[in-house]
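Undergrad: Need a 3D model of the following:
(chains A and B)
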Amino acid sequence: MSSLVAPEGANRRYVVRTLAFMTGYVAVNVAAILGAFDEIIGTPAGMLLGLAVAAPIAGQIWATVAFMNEADEFMRTLMAKRFIVAAGLAFALFSGWGFMESYGDAPHAPGWIVYALFWGLYGLVTPFIRTSR
Amino acid sequence: MKELRSQRGWTQEQLGRAIGVSRQAVNALETEKHDPSLDLAYRISAVFGEPVEAIFTNPHAPDTLSG
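TA: Modelled structure (predicted):
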């Protein structure tokens, strides 16, 4: 039998986890923009900085999956459907842009855009995916 | 399901708490936007004290298939 987790507890945990990870993501980026890491940019240490910025993204995806596990079956199915559609669209759009760069004259789009693109698309598809069927 | 809930004077929130799902899930069940799992159907059945098939239509019942 599936667990009877209070849905409002799952919501709260998701919001707290997301805020925690996104605070880290924004803080490291703002510090980099303000020049806090200028001396390591372009060096091997800069690669570690890049990974450090990306780590909260993995954390936020974990928070989303944890929320799906804790949510009830309807919310879990709804989130999974939205996640899959948004991820598929993000893959298609970003790959398309990459090919436009390779074969056309499209300006270069940095890879980190895909994360914002995915959540933007998630927000966009949400009003259209309202049933678990 | 909505009828059974209304008869008992419960809100969607109260029913959701009783069966361990969100208010949105109760709303989705009542508006046929979600087919419950067997586990959830049994929980709903237990809360209302009614057999599952008195609450949900069995699409695989012989009379439904022949009709």
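
Undergrad: Give the buried residues for the helix or strand hosting A:K81.
TA: Element membership for A:K81 (DSSP states H and E) is helix A:73-103. Neighbour-count burial for helix A:73-103 flags A:73-79, A:81-83, A:85-86, A:89-90, A:93-94, A:97 (criterion: 16 or more other C-beta atoms under 10 Å in any protein chain shown). The C-beta positions use only the backbone N, C-alpha and C, and glycine is treated the same way.

Undergrad: Filter those to keep only those in contact with chain B.
TA: Residues of the buried residues of helix A:73-103 in contact with chain B (C-beta under 8 Å from any C-beta of the partner chain): A:73-75, A:77.

Undergrad: Among these, which one sits closest to A:G35?
TA: Nearest to A:G35 among those: A:M75, at 42.6 Å, using C-beta to C-beta.

Undergrad: give me every residue that touches that closest one.
TA: Going by C-beta atoms under 8 Å, 6 or more residues apart in numbering or on different chains, A:M75 touches A:7, A:68, B:22, B:24-25.

Undergrad: Make TSV from those and add distance to B:A54 to it.
TA: Output for the contacts of A:M75, formatted as TSV (distance: C-beta to C-beta, whole Å):
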residue	distance to B:A54
A:P7	26
A:M68	32
B:S22	24
B:Q24	24
B:A25	20
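
Undergrad: Out of the residues you listed, the closest to B:G49 would be?
TA: Closest to B:G49, out of all of those and judged by C-beta to C-beta, is B:A25, at 20.4 Å.

Undergrad: Just the buried residues of the contacts of A:M75.
TA: Among those, the ones that count as buried by 16+ other C-beta under 10 Å are A:7, A:68, B:22, B:24-25.

Undergrad: need the helices for chain B, in chain order.
TA: Along chain B, counting by DSSP state H, helices occupy B:2-7, B:12-19, B:23-30, B:38-48, B:52-55, B:62-66.

Undergrad: And those helices, which one averages the lowest pLDDT?
TA: With a mean of 65, helix B:62-66 has the lowest mean pLDDT of those.

Undergrad: Please identify the deepest-packed of the helices of chain B.
TA: helix B:23-30 (a mean of 22; mean count of other C-beta atoms under 10 Å in any protein chain shown).
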